[in-house]
Structures are given as structure tokens and as C-alpha cells.
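Colleague: need a 3D model of the following:
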Amino acid sequence: MRFYIIVILFLTSCSSNDQTLQSVEIDIWDHIDQHDVEPILTDKNDLDHFTSALETKTKLDEDAVIATKPIATFKLVFADKSSYAVHYWPSSDNGGYVQVFKGKETSTYELDKSSVQTMNQLTEINTGTEVVFE
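Modeller: The predicted model follows:
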């Protein structure tokens with residue numbers, strides 16, 4: 001038991017905690033007929049706009065489960081090499097939703113319309129979908 005605690009403390013002290021966003025990898029789902037999307041964002045200005053857009057969200061109830069397939073999945077990669085995934089649903093009424101996967105934690109959020117517009121411009125996504133909740 002003591003050995004495990006020492007190892008955990010050592011790994012924690014050696015790990016970097018730089019949560020500076022380095023890139024956003026963009027994966028358009030197969031059911032979407034749009035393959036002209038740049039697969040990665042790395043420009044600092046684009047990353048700042050993407051982060052700002054993603055931060056403007058309202059958390060939905062824990063029971064909120066989206067049944068519709070996402071339009072895209074974003075993998076956010078940070079300077080310390082940590083990452084997490086975000087499913088993205090821009091809706092046909094110019095709104096949108098994201099589902100954030102951080103470790104075992106999953107949360108669903110509604111984005112405001114200006115955030116959806118910013119994310120669509122940055123990622124070159126030009127389609128929306130009817131978002132259906134279970």
C-alpha cells in the first residue's frame with residue numbers, strides 16, 4: 001500500500017499541469033457528406049476563439065441524452081499532452097449542443113447561437129441536424 005502511494009505521489013509531482021490548448025483535432029462523422037474540413041486547428045487565435053465559444057454553454061440535466069449522431073467529434077490536446085473529447089451537434093435552427101468527455105465524466109451542454117456560429121466558422125462545418133433527445 002505504501003509503495004502505491006509513493007508511486008502516485010512521484011508521478012503526480014513529475015507530471016506537467018500545462019492546460020494550454022495546443023490543437024483541436026476535427027473528426028467529421030461518416031453519416032455527414034462533408035469531407036473538405038481541415039482536420040486540425042493549431043493557430044493560437046483560432047484556438048482562443050474555439051475555447052471562448054466552447055466556454056459559453058449551459059449545462060443540461062444529467063438525464064439529457066442526445067439520440068442523434070453527432071456531426072463531429074473534437075479532440076482537444078493540451079501542452080501537457082492531456083486531452084479530452086467533445087461531440088458536437090450544430091442544430092438546424094442555428095443552435096447547438098456539445099457533450100464533453102473528461103475521463104469517466106460526461107456532461108451535455110447547450111451552446112448559444114453565437115458560439116455555434118464561431119465553432120462552425122472555425123471548423124468549416126456547414127451543416128446542421130435535428131437534435132433528438134431520448
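
Colleague: just the element for the residue positioned nearest the centre of the chain, please.
Modeller: The centre of the chain sits closest to Val86, judged by Cα atoms, centre = their mean, with a distance of 2.7 Å. Using DSSP states H and E, Val86 sits in strand 83-90.

Colleague: who's in contact with that strand?
Modeller: Applying Cβ atoms under 8 Å, 6 or more residues apart in numbering, the set of residues contacting strand 83-90 from outside is 54, 66, 68, 70-77, 96-103, 116, 119-120, 125, 127-129, 131. C-beta: built from backbone N, CA, C; applies to glycine.

Colleague: ok, that strand: who's next to it in the sheet?
Modeller: strand 72-78 (antiparallel), strand 96-102 (antiparallel) (DSSP bridges).

Colleague: turn these into a markdown table, columns for mean neighbour count and distance to Ile28.
Modeller: Output for the strands paired with strand 83-90, formatted as a markdown table (neighbours: other Cβ atoms under 10 Å; distance: least, Cβ to Cβ, whole Å):
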| stretch | mean neighbour count | distance to Ile28 |
| --- | --- | --- |
| strand 72-78 | 19 | 5 |
| strand 96-102 | 20 | 15 |
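
Colleague: now those in a markdown table, with distance to Asp48 and mean pLDDT?
Modeller: Output for the strands paired with strand 83-90, formatted as a markdown table (distance: least, Cβ to Cβ, whole Å; pLDDT from 0 to 100):
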| stretch | distance to Asp48 | mean pLDDT |
| --- | --- | --- |
| strand 72-78 | 13 | 94 |
| strand 96-102 | 18 | 94 |
